[in-house]
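>>> Got a sequence here, can you build the structure:
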Amino acid sequence: MTHEPDPLVDPPYDVATPLDLDYYGVFADIPETDKQWWAAARRFGEGLEPRMTEHWEKAEYPVDLVRKAGSMGLFTDGVDVSELGMETLSPMSAGLVNMETSRIDGSLSTALAVQGGLAVRTLALFGSAAQKDEHLANMVSCETLGAFALTEPTHGSDSVSLETTAELQGDEDTGRYVLNGAKKWIGNGASGGITLTWARVVGGEHDGNVRCFLVPQETPGYRAEVVEHKASLRAIHQALIQYEDVELPADAVLPLSKTFKDAATVLFATRLGVAWSAVGHAAACVEAALNYAKQRRQFSKPIGAHQLVQERLAYMVSELTSMQLHAKQVTELDAAGKLSGPQASMAKLHNTRKARQIAQVARDMLGGNGILLSNKVARHMADIESAHTYEGTESVQSLIIGRDLTGFSAFA
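Sure thing, here's the model as predicted:
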């Protein structure tokens, strides 16, 4: 016996089908190796939409998926891992991986950014040979989770003024450091593993300078709790960390970290990742809206056949295309060694701003269905809010660009 569809029951909508919208063929001529890494990220994300929706709703952190990404070599952005027998992702490959992972879920892409873009990069750039021998391979494979602890409860955008201290007791070769202070919004900071902690040195040759310290999370005096009640990036855990007389040996300091400029070097490198992540979030929203427009019927025809809906789709695709062009251009500059800090800020500012606008239009297009987590857009809309803020707020990025344009610093 067959049953007619119940007109009172809203049918399920397939809004997750990838459409790979590339109206200008922006990615048509990228090298084959970069396409292969993009395809690897696509394979990693296949079938994860329902699971990530559930994790997001329950505020659960799927560490097993992060480790799976590590086993696939997705954490080698900008890090020379040839000695580990692994391939380093080019800037374009890393961007495409970030974009594709963000298209699936913002928490997953943030985990990649924290582990690879921040923690692994910091250790690779500033660590000693012994530190890298002990930890780098395990961090690249994600057997060891890594955290990058810079932001403090009272120092976000003004991170250069951080107050966490590392007091030197004894000499710099055989003495010890004692850390005191607090950090907040630290991905992987309460998940086990190691925390690369930026602190201001008290005493010794580097007195007053900001340096980075390798802190095993089981060290006495290190206390971390997961930040709760988030409305964004709910499927990754960020931590509030307290350092209370945390004693570290002299060799816990990353020797090539000398000043705050070294922390800024890492942030500069990851700013492009946020621009790419915004492209992924926006693409997910556009795909959901376009898929929905072809399936949802109102006034006796698909809503995609209505003029206003087509105008909105055209708007979203044009803005997405602009984002793709920004991301590709600055990445090519980066690969050529020509990218400036203000250019990276421009890409981040432009793309996260456009992603917010696209998400807003897509949410409205889906009507009431747009607030359901199963229809993607609300989750991406919320996660974009975090991407728009971290690695430098809109205001900070604007001031960086403005200083470059005028020659005047408007920072307070």
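>>> next one: stretch 225-237 to chain centre, how far?
When C-alpha coordinates are averaged (CA atoms, centre = their mean, to the nearest Å), stretch 225-237 and its chain have centres 14 Å apart.
>>> for stretch 388-403, that is, sorry about that
Computed by CA atoms, centre = their mean, the chain-centroid distance of stretch 388-403 equals 16 Å.
>>> again with stretch 51-59
18 Å.
>>> Mean confidence (pLDDT) on that stretch, please.
For stretch 51-59, mean pLDDT rounds to 95.
>>> and if you look at stretch 107-124?
Summarised as a single mean, pLDDT over stretch 107-124 is 93.
>>> which regions of the stretch 301-412 of the chain lie under the pLDDT threshold?
Residues of the stretch 301-412 of the chain meeting the criterion pLDDT under 70: 412.
>>> can you map out the strands along it?
Secondary structure of the stretch 301-412 of the chain (DSSP state E, counting those that start in this stretch): strands at 301-302.
>>> which element is residue 271 on?
helix 260-295 (DSSP states H and E).
>>> Show me what the mean pLDDT comes to for the helix or strand just after that helix.
Using DSSP H and E, the helix or strand that directly follows helix 260-295 along the chain is strand 297-298. Along strand 297-298, the predicted local confidence has a mean pLDDT of 90.
>>> who does strand 297-298 pair up with?
When sheet partners are counted by DSSP bridges, strand 297-298 sits next to strand 301-302 (antiparallel).
>>> Distance-wise, check the most centrally placed residue in the chain relative to residue 337.
The centre of the chain sits closest to residue 110, judged by CA atoms, centre = their mean, with a distance of 3.4 Å. Per CB to CB, to the nearest Å, residue 110 is found 27 Å from residue 337. (Each C-beta comes from the backbone N, C-alpha and C, glycine too.)
>>> Could you do residue 101 as well?
Spatial separation of residue 101 from residue 337 under the definition CB to CB is 26 Å.
>>> cool, and residue 171?
Plainly put, residue 171 is 38 Å away from residue 337 if you go by CB to CB.
>>> Also residue 321?
Following CB to CB, the distance that separates residue 321 from residue 337 is 27 Å.
>>> Equivalent analysis for residue 367, please.
If you go by CB to CB, the gap between residue 367 and residue 337 works out to 48 Å.
>>> Pick out whichever of those two has more residues nearby.
Set side by side, residue 367 and residue 337 show more neighbours around residue 367, with 12 against 6, by other CB atoms under 10 Å.
>>> Contacts only, for the more buried one.
Taking CB atoms under 8 Å, 6 or more residues apart in numbering as the contact definition, residue 367 lies against nothing.
>>> Help me confirm that residue 13 is found in a strand?
No. Membership of residue 13 in a strand is not supported by DSSP: H, G, I helix; E, B strand; the rest coil, which gives coil.
>>> Determine the number of other residues adjacent to it.
Applying other CB under 10 Å, I find that residue 13 has 17 neighbouring residues.
>>> Check whether it really touches residue 294, as I assumed.
No. The pair residue 13 / residue 294 is not scored as a contact, 9.6 Å apart, by CB atoms under 8 Å.
>>> How much space separates the closest residue to residue 369 other than its chain neighbours from residue 381?
Among residues not flanking residue 369 along the chain, residue 375 sits closest, at 5.3 Å (CB to CB, 6 or more residues apart in numbering). For residue 375, the distance to residue 381 equals 11 Å [CB to CB].
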